[in-house]
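# Give me the fold of what follows.
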Amino acid sequence: MQFDTVLIGGGLAGLACGIRLAERGQRCAIVSAGQSALHFSSGSLDLLGKLPDGTVVNHPLQALGALAQQAPDHPYSVMGSAAVTQLASESEQLMQRCDVPLFGHSEENHLRLTPLGMRRSTWLSPLDVPVTSLQGPIPWEQVAVIGIEGFLDFHPQLVAGSLQKAGVTASSHSLMLPALDRLRTNPSEFRAVNIARVLDLPAHREALIEELKRLSVGAQTIILPACLGLDSSQTLDDLRKQIPASIFLLPTLPPSLLGMRLYQQLRRRFQQLGGMFMPGDKALRAAIENHRVTHLYSHNHGDIPLVAKNYVLASGSFFSNGLIARFDQIIEPVFGLDIDAPSHHAQWTAPELFAPQPYLKFGVKTDRHLRAIREGNPLENLYAIGAVLGGYDPLREGCGAGVSLVSALFAAQQIAGFTEAAA
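Residues are numbered from 1 along each chain as shown. Okay, here's the model as predicted:
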């Protein structure tokens, strides 16, 4: 099977890179082993929230110079501030082309409300999520936080309590609908996705509207768990037409409906452009000659190789087995790439639970074009992007999604540039 580019990993980085290459006319395939981290995300995307020394970042692009001084191996530093600035803007445009409406821009972070009712800095947020500016008080008044009776992945009392501490008049309530009784009897099934499948049915719309009206008397704002609109925003649009209050959604514990919706939109765009998505497949090994990948072998295709001019490694970090920790070493399992990590496992973790953990910065080594390095030499047609890269702490620095998107478009730019130059 022959392609222009084969990508390993169907998460945010792999899909964004595949979409951009497909938009430029390339025939692409994505090998995806299973659920991506998007299924467990809030749906919001971070660009840069803190510098490595802990300094809070409000204006990500203005902080790139300081980041390069503190962390020269950070993917943003490797790509350069000019490229990051350009590609952050292009990432926003790509999301629009994927029919993913988001609030925010790369010039300045904003604050989104978390499932605990706190506010957290971020770059882009779904339009259905309650957000505020970095400065000033919370703008909502008379808030009704409405959970679902028996739903353990969202606690309206915690959200309302946090809002009250911030000076907001907030109350908590629980929604009780007979339509959910079957799910409610089985806690393992009473999850956001299954609830959405019930509440999204038109037959239950009127009862849902009436119950929300009853619980939100006097409220100007309603906050619900993200258990609506699995495939579209039609359910929420209908509620907003019938209820005289602003309605927002908060992400629940994973799996996250907002993250899944983002994943579905990106995958849909990739396939609409002619990309081939191979779910449930796993890249196993590769043939390499003269510093070039010549064949890729996967579990489902057996001895039939995937052949391409270029390959992109977007397999993620430890969470998705893009990196594997053995007792005495950390490996990249498909290509045997060089890893930027200490050799002694005692240096992989910090003893304090909440201290920055060194292993979060581990990843494959690349050159300045993001070409992956193996045995000290860059492979000419293999690019590494997203969480498999090293040199940054996505949790502490608040930059995981930004690194995924920017590195994805950077690699696509390198591949398309080299291809067009060769032509």
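# Could you tell me which residues make contact with A22?
C28, F270, L273, G274, G275 (CB atoms under 8 Å, 6 or more residues apart in numbering). All C-beta spots, glycine's among them, are computed from the backbone N, C-alpha and C.
# Just give the closest residue to it, not the sequence neighbours.
L273 (3.7 Å; CB to CB, 6 or more residues apart in numbering).
# Phi first, then psi, for the one you found.
Main-chain dihedrals, L273, degrees, to the nearest 10: phi -80, psi 0.
# Quick check, it in contact with R20.
No - applying CB atoms under 8 Å as the test, L273 and R20 come out as separate, 9.7 Å apart.
# As a check, name the ranges of all helices in the stretch 201-350 of the chain.
205-215, 234-242, 257-272 (DSSP state H, counting those that start in this stretch).
# quick one: G25 is in a strand?
No - per DSSP: H, G, I helix; E, B strand; the rest coil, G25 lies outside any strand segment and is coil.
# That one: neighbour count?
Residues near G25, counting by other CB atoms under 10 Å, number 11.
# Please, which helix or strand holds the nearest residue to F277 once chain neighbours are set aside?
Distances taken as CB to CB, 6+ apart put I30 closest to F277, at 5.2 Å, once the chain neighbours are dropped. Assigned by DSSP states H and E, I30 belongs to strand 28-32.
# How about N194?
In the assignment (DSSP H and E), N194 maps to helix 192-199.
# CA-only coordinates of that helix in PDB, if you can.
Extracted in PDB, the C-alpha atoms of helix 192-199 (Å, rounded to 0.1, in the frame of the first residue of the first chain):
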ATOM      1  CA  ALA A 192     -21.500  11.200  29.800                       C
ATOM      2  CA  VAL A 193     -21.500   9.600  26.400                       C
ATOM      3  CA  ASN A 194     -24.400   7.200  27.200                       C
ATOM      4  CA  ILE A 195     -26.400  10.000  28.800                       C
ATOM      5  CA  ALA A 196     -25.900  12.200  25.700                       C
ATOM      6  CA  ARG A 197     -27.300   9.400  23.500                       C
ATOM      7  CA  VAL A 198     -30.500   9.600  25.600                       C
ATOM      8  CA  LEU A 199     -30.800  13.300  26.100                       C
END
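# Would you mind listing the buried residues in it?
A192, N194, I195, A196, V198, L199 (16 or more other CB atoms under 10 Å).
# between it and helix 234-242, how big is the angle?
For helix 192-199 against helix 234-242, the angle by axes from the mean of the first three to the mean of the last three CA atoms, to 10 degrees is 60 degrees.
# Could you check the angle helix 192-199 makes with helix 257-272?
On the basis of the same axes, to 10 degrees, helix 192-199 is oriented at 80 degrees to helix 257-272.
# I'd like to know which elements helix 192-199 is packed against.
Helices and strands touching helix 192-199, by 3 or more CB pairs under 8 Å, 6 or more residues apart in numbering; DSSP states H and E, are helix 181-184, helix 257-272.
# Quick check: mean pLDDT of the first one?
If I follow you right, that is helix 181-184. Mean pLDDT, helix 181-184: 88.
# Kindly report the same for the last one.
Averaging the model's pLDDT scores along helix 257-272 yields 95.
# Would you mind getting the angle between the helix holding N194 and helix 205-215?
Interaxial angle of helix 192-199 relative to helix 205-215 (the same axes, to 10 degrees): 110 degrees.
# what sits up against helix 192-199?
Residues outside helix 192-199 that contact it (CB under 8 Å, 6+ apart): 148, 151, 153, 177, 179-180, 183, 204, 208, 225-230, 235, 252, 255-257, 260.
# ok, back up a step: out of the contacts of A22, which one sits closest to D46?
Nearest to D46, judged by CB to CB, of the contacts of A22 is F270 at 22.5 Å.
# Confirm for me that that closest one is in contact with I19.
Yes - when contacts are counted by CB under 8 Å, F270 is listed as touching I19 (5.1 Å).
# Point out where the chain drops to low pLDDT.
Along the chain, the parts satisfying pLDDT under 70 run over 418-423.
# want to throw the helices and strands packed on helix 192-199 into TSV with mean neighbour count?
Below are those laid out as TSV (neighbours: other CB atoms under 10 Å):
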stretch	mean neighbour count
helix 181-184	15
helix 257-272	21
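# among those, which is nearest L51?
Among the helices and strands packed on helix 192-199, the nearest to L51 by CB to CB is helix 257-272 (26.4 Å).
# What is that closest one packed up against?
Helix 257-272 packs on helix 12-23, strand 125-126, helix 192-199, strand 276-279, going by 3+ CB pairs under 8 Å, 6+ apart.
# Ok, which of the ones you listed comes nearest H344?
With CB to CB as the measure, helix 12-23 is the member of the helices and strands packed on helix 257-272 nearest H344 (29.5 Å).
# May I have the closest one exported as CSV, CA atoms only?
The C-alpha trace of helix 12-23 is given here as CSV (Å, rounded to 0.1, in the frame of the first residue of the first chain):
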residue,chain,number,x,y,z
LEU,A,12,-4.5,15.8,17.9
ALA,A,13,-1.0,15.9,16.3
GLY,A,14,-1.4,13.1,13.8
LEU,A,15,-4.8,14.4,12.6
ALA,A,16,-3.7,18.0,12.4
CYS,A,17,-0.6,17.0,10.3
GLY,A,18,-2.6,14.7,8.1
ILE,A,19,-5.3,17.3,7.5
ARG,A,20,-2.7,19.9,6.5
LEU,A,21,-0.9,17.5,4.2
ALA,A,22,-4.2,16.3,2.6
GLU,A,23,-5.2,20.0,2.1
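# any idea of the angle it forms with strand 28-32?
160 degrees.
# show me the residues around F335 that make contact.
A286, I288, V293, L313, A372, R374, L379, L382.
# got the buried residues for the lengthiest helix in the chain?
Using DSSP state H, we find that the single longest helix of the chain is helix 400-422. Under the neighbour-count criterion of 16+ other CB under 10 Å, helix 400-422 has 400-416, 419 buried.
# list the helices and strands that helix packs on?
Right, helix 400-422 is packed against helix 12-23, helix 75-79, helix 81-97, strand 307-313, strand 377-384 by 3+ CB pairs under 8 Å, 6+ apart.
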